[in-house]
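Novice: model the structure of this input:
(one chain, ligands or ions: 1)
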Amino acid sequence: MSDIKGQEIRKPVIFEESRNGRSGAVKGGDSQGLDAAVADIPGRFLRVKKPLLPEVSELQTVRHFTRLSQHNFSVDTHYYPLGSCTMKYNPRVCHTMSMLPEFLERHPLAPQSLGQGVMQCLFELGEYIKEITGTVGVSLTPMAGAQGEFAGVAMIRAYHVDRGDHHRTEMLVPDAAHGTNPATAAMCGLSVREIPTDANGDVDLEALRRALGPQTAGLMLTNPSTLGVFERRVREISDLVHQAGGLLYYDGANLNAITGRVRPGDMGFDAIHVNVHKTFATPHGGGGPGAGPVGVSERLVPYLPVPMVVRTEDGQGYRWRDGADAPRSIGRLSAFAGNIGILLRAYVYVRLLGRDGMRRVSDYSTLNANYLMARLRQGGFQLAYPHRRATHEFIITLKRESEQWGVSALDFAKRLLDYGFYAPTVYFPMLVPECLLIEPTETETKEELDRFADALLAIRKEAETDPDCVKLAPHHVPVPGGGLGRLDDTRAARKPDLIWRRTLEHE
Ligand SMILES: *Cc1c(COP(=O)(O)O)cnc(C)c1O
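Specialist: Here you go, the predicted structure:
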C-alpha cells in the first residue's frame, strides 16, 4: 500500500501486533486431552518460558498471511514469462478433481483391490505419456524433472553394464544444457564431455562426431533447446550416437513446444522425462511438489524404476509391479508410488484437452512466442538468434543497451516488476550475453502479450533517456523490513536478514 506521495506505508509485522494473552484459538473443546498428553512428558523436557510467538487473533493472522501472499508474484496474479520453466495457468478443475476425498484419503498401504480407481488413472496416464512422447514403456515414480533424468541416465548405464560394455562411462552434454543434465550424469558415476553449439543455436555436429567413441554412454539433449530453437538435425544426431553405441536421453522440460506434433521417441530418443509441473498442469515454482515420469524405448523397458501399475493377467484390473517382478529395474526412487496428487493433475489435464487440445498447446505456445518476438524485434530489441523461428520461448540480448546506456538485463528485469510483470529468466542460457529468456506460454491473451511488449519497450525508452530510473529499479516493490528499492542481491542470497528482533520497546 502506498500513501499519497507513492511512499510505502509500513505495515506492522505480526510480532508487533502481539499482545499478552491474545489468542486466535477457540478455548475449550479437547483441552483436557491436551493436558493429559502434556502430563506424559517428563518435566525436564517442558519449556519454562513462553515461546516468542506472536499472540494475535484469528483475524489478524488471516490478514497477515493474506497480505504476505499479495506481495508475491504468481501466475494467478501476474504475467510470469519465466523462460525454460513453462509457468502457465493450470485449470482449477485439475486441482479439484485430484483433491477428491477418495484420492486424498486413500492410504498408500491400502490393498490393491481397494485402489483400482486410482490405479486405473495412473495406468491410463502412463498410456497417454507413451502416446504423447512416442515411447513404449513408462514409469511415473520420479518426483521431479531432475529425478527423471537420474532415472533415465541410470537406465542407460544399467543397459551398458548388462551388456558388459563397462567402458561406456562418458555422457555428452551440449553447452546449452540445463545444469541438471551434467549434474545427473555425474551423480550416475559418468564423466561429462561438453559439446559446443554453433552460431545458429544447433549442436555442432563436427564436434559431436569427434567426441563420439567406444567410451560414449550417450547424449543428453533438450529439444527445443534452452536457446529456444528446434534442433533441425536431430535425426542425424541420434543416428550418429546410436552408430557409436550410445543411447539418447531427452530432457522434456520444453515439451510444451511440441506436444501433439513431434514425438521424442520418433526423433530417436531412448529415455525421456516429462516435467508434468511444466507441461501438464501443476503450479510450478516455489519448491512445491512435482513429478518427472520417464518413458523409454524397447531396450530400456526392463530397467524402469518400480513400482509401476500394470494390468492384471486376466486383463480385468490393475496391480503394482515391484521387486521380484522387475528383477532388472534400477529400483525405487520414491516412497510408495511417487507424487500421486501431481500425477492425477496431469491425468485430468490430458483428459481435459484430448488429442486436439494437446496440439493446441504447442500451436499457441509457439504462436505467442513468435508474436512477442516479432513485436520486440520491431521495437528495436536484438534477438540472440535472429534467423531462427522461435519455439515456445526466445532470447533477446541486451548487450547493446548495456554498452550504450549502461543498463543491464538485470536492470530491465527489476524494472519490469514496477510495471507489474514477473521478470523473464535472466543470464540463462549462459551462452548469450545480457540475455532475457522469455516464455509467454499458451495461456496468455494477445492483450496481455501486448501489455508486456509495451512495458519492455517503455523500459527501453527509459534506459535511453533516464538510465538511472532503470538502474535503481524496482521503485514500487516492498522489500522485507519495510521500505522500497533494490536489494543487494549478493547479500540477499548469502546473508538474508529474515529475522525480526525483539527490541526494548516490545518488552
Ligand atoms: C526445469 C528444467 C529441468 C529440471 O526439472 P525439475 O522438474 O525442476 O527438476 C531440467 N532441464 C531443463 C531444460 C529445465 O528447464
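
Novice: switch to C-alpha atoms for all contacts and neighbour counts from now on
Specialist: OK.

Novice: and stretch 264-280, how far out from the chain middle?
Specialist: Distance of stretch 264-280 from the chain centroid (CA atoms, centre = their mean, to the nearest Å) equals 14 Å.

Novice: can you give me the end-to-end span of it?
Specialist: Start-to-end span of stretch 264-280 (CA to CA, to the nearest Å) is 17 Å.

Novice: got it, and stretch 288-308?
Specialist: Start-to-end, stretch 288-308 (CA to CA) is 23 Å.

Novice: near the ligand, which residues of this protein?
Specialist: Counting by CA under 6 Å from any ligand atom, the residues of the chain close to the ligand are Ser84, Cys85, Ala144, Gly145, Ala146, His178, Thr180, Thr226, Asp251, Ala253, Asn275.

Novice: rerun that using 8 Å as the cut-off
Specialist: Applying CA under 8 Å from any ligand atom, we find that the chain lies next to the ligand at 83-85, 143-149, 177-181, 222, 225-226, 251-254, 275-278, 290-292.

Novice: just the buried ones out of those, please.
Specialist: The neighbour-count test (16 or more other CA atoms under 10 Å) marks 83-85, 143-149, 177-178, 181, 222, 225-226, 251-254, 275-278, 290-292 as buried among the residues of the chain next to the ligand.

Novice: inside strands: which ones of these?
Specialist: Thr222, Asp251 (DSSP state E).

Novice: what about the buried ones among the residues of the chain next to the ligand, which are in helices?
Specialist: Mapping these onto helices (DSSP state H) picks out Gly145, Ala146, Gln147, Gly148, Glu149, Asn181, Val276, His277, Lys278.

Novice: buried set for stretch 176-192?
Specialist: Those would be 176-178, 181-186, 188, 190-192, for stretch 176-192 by 16+ other CA under 10 Å.

Novice: first-to-last residue distance for stretch 130-140?
Specialist: Calculated as CA to CA, the first-to-last residue distance of stretch 130-140 is 11 Å.

Novice: list of residues touching that stretch?
Specialist: 122, 126-127, 129, 259-260, 263-266, 270, 291-298, 301, 304-308, 337-338, 343 (CA atoms under 8 Å, 6 or more residues apart in numbering).

Novice: 6 Å instead, please
Specialist: Gly126, Arg263, Pro264, Gly265, Pro293, Val294, Gly295, Val296, Ser297, Val301, Met308 (CA atoms under 6 Å, 6 or more residues apart in numbering).

Novice: using JSON lines, lay out those residues together with secondary structure.
Specialist: Output for the contacts of stretch 130-140, formatted as JSON lines (DSSP: H, G, I helix; E, B strand; the rest coil):
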{"residue": "Gly126", "secondary structure": "helix"}
{"residue": "Arg263", "secondary structure": "coil"}
{"residue": "Pro264", "secondary structure": "helix"}
{"residue": "Gly265", "secondary structure": "helix"}
{"residue": "Pro293", "secondary structure": "coil"}
{"residue": "Val294", "secondary structure": "strand"}
{"residue": "Gly295", "secondary structure": "strand"}
{"residue": "Val296", "secondary structure": "strand"}
{"residue": "Ser297", "secondary structure": "coil"}
{"residue": "Val301", "secondary structure": "helix"}
{"residue": "Met308", "secondary structure": "strand"}
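
Novice: ok so, going back, format the buried residues of stretch 176-192 as TSV; extra columns: distance to Val361.
Specialist: Listed next are these as TSV, based on distance: CA to CA, whole Å:
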residue	distance to Val361
Ala176	25
Ala177	24
His178	23
Asn181	26
Pro182	29
Ala183	30
Thr184	29
Ala185	31
Ala186	34
Cys188	34
Leu190	36
Ser191	37
Val192	34
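
Novice: now for those residues, which pair is the farthest apart?
Specialist: Spanning the widest gap among the buried residues of stretch 176-192 are Ala176 and Cys188, at 20.4 Å by CA to CA.

Novice: re earlier: which single one of the buried residues of stretch 176-192 is nearest to the ligand?
Specialist: The closest of the buried residues of stretch 176-192 to the ligand turns out to be His178 (CA to the nearest ligand atom; 4.7 Å).

Novice: now that closest one: closest residue in space, sequence neighbours ignored.
Specialist: The shortest distance from His178 to any non-neighbouring residue, by CA to CA, 6 or more residues apart in numbering, is to Thr226 (7.3 Å).

Novice: so how far is Asp488 from the one you found?
Specialist: Distance from Thr226 to Asp488, by CA to CA: 28 Å.

Novice: and what of Asp162?
Specialist: For Asp162 relative to Asp488 (CA to CA), the value is 52 Å.

Novice: and what of Tyr427?
Specialist: Distance, Tyr427 to Asp488, using CA to CA: 17 Å.

Novice: now do Gly292
Specialist: Look at Gly292 and Asp488: by CA to CA, they are 35 Å apart.

Novice: quick one: which helix or strand includes Glu401?
Specialist: Using DSSP states H and E, the element containing Glu401 is helix 399-405.

Novice: going on from that helix, what's the next piece of helix or strand?
Specialist: helix 409-418.

Novice: ok so, going back, Throw the buried residues of stretch 176-192 into CSV and include pLDDT and distance to Met358, thanks.
Specialist: Below are these laid out as CSV (pLDDT from 0 to 100; distance: CA to CA, whole Å):
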residue, pLDDT, distance to Met358
Ala176, 92, 27
Ala177, 94, 25
His178, 94, 25
Asn181, 97, 26
Pro182, 97, 30
Ala183, 97, 31
Thr184, 97, 29
Ala185, 97, 31
Ala186, 97, 34
Cys188, 97, 33
Leu190, 98, 36
Ser191, 98, 37
Val192, 98, 35
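
Novice: ok so, going back, now do the buried residues in the helix holding Glu401.
Specialist: For helix 399-405, a neighbour-count test (16+ other CA under 10 Å) marks Lys399, Glu401 as buried.

Novice: can you list contacts of it?
Specialist: Residues from elsewhere that reach helix 399-405 (CA under 6 Å, 6+ apart): Ser408, Glu434.

Novice: distance between it and the chain's centre?
Specialist: Centroid displacement of helix 399-405 relative to its chain, using CA atoms, centre = their mean, is 31 Å.

Novice: now do the same end-to-end measure for stretch 46-59.
Specialist: For stretch 46-59, the separation between the terminal residues is 30 Å (CA to CA).

Novice: list the buried residues of it.
Specialist: For stretch 46-59, burial by neighbour count (16+ other CA under 10 Å) applies to Pro54, Glu55, Val56.

Novice: and these, which is closest to the ligand?
Specialist: Nearest to the ligand among these: Pro54, at 35.1 Å, using CA to the nearest ligand atom.

Novice: which residues touch the closest one?
Specialist: Applying CA under 6 Å, 6+ apart to Pro54 gives the contacts Phe15, Ser18.

Novice: before we move on, what SS does it have?
Specialist: Classification of Pro54 by three-state DSSP places it in coil.

Novice: the chain should start at 517 in everything you say after this.
Specialist: Okay, residue one is now 517; in that scheme the one you just asked about reads as Pro570.
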